[in-house]
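**Q** Sequence and predicted model, in that order:
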Amino acid sequence: MKEIEDETEWLEPWAPSDRHSEALEKELLREISPGHKLQGVSLRAVGRRIDSDDVLFELKGFNHKYAVVHLTWRKETSADWPFTVLFKTLEQWRAECMIPDSNQHET
């Protein structure tokens with residue numbers, strides 16, 4: 001099975017998370033408080049915005065396959081944070097997130 005990083009044509013400001021993946025995963029797990037929608041979900045960082053704290057995570061064993069999480073860089077106490085948007089498919093993420101972000105980034 002191909003890795004998402006290898007099969008995705010990344011559009012700025014999105015890029016593969018590469019060497020940052022492990023650190024981003026640890027940070028998300030540190031930030032999640034009880035009741036957060038990603039609590040207990042197996043995940044891995046696959047992409048990140050180079051101009052913000054948004055990270056694309058691939059989810060395993062969850063009803064959505066991808067999530068964009070805005071990391072806050074602090075331990076959260078509210079299940080509303082870190083802010084998370086779920087996507088059923090990679091194509092949905094591309095259409096609803098990466099392409100609009102790229103169009104706004106180019107202006």
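**A** Happy to help now that I have it. Numbering: from 1, shown residues only.
**Q** Got phi/psi on residue 86?
**A** Main-chain torsions, residue 86, degrees, to the nearest 10: phi -100, psi 150.
**Q** gap between it and residue 74?
**A** The gap separating residue 86 from residue 74 is 22 Å, by CB to CB, to the nearest Å. Using the backbone N, CA and C atoms, a C-beta is placed for each residue, glycine as well.
**Q** where does the protein have low pLDDT?
**A** Residue ranges of the chain with pLDDT under 70: 1-7, 106-107.
**Q** who touches residue 99 in this structure?
**A** Applying CB atoms under 8 Å, 6 or more residues apart in numbering, we find residue 99 in contact with residue 11.
**Q** And the strand or helix carrying it, how far out from the chain middle?
**A** Secondary structure from DSSP states H and E places residue 99 in helix 99-105. Chain-centre distance of helix 99-105: 16 Å, with CA atoms, centre = their mean, to the nearest Å.
**Q** Would you mark the buried spots in that helix?
**A** Within helix 99-105, the residues that count as buried by 16 or more other CB atoms under 10 Å are residue 101.
**Q** could you list every residue that touches the residue lying closest to residue 66 once chain neighbours are set aside?
**A** Leaving out its chain neighbours, the residue that sits closest to residue 66 by CB to CB, 6 or more residues apart in numbering is residue 87, at 4.3 Å. Neighbour list for residue 87: 64, 65, 66, 67, 68, 93, 96, 97 [criterion: CB under 8 Å, 6+ apart].
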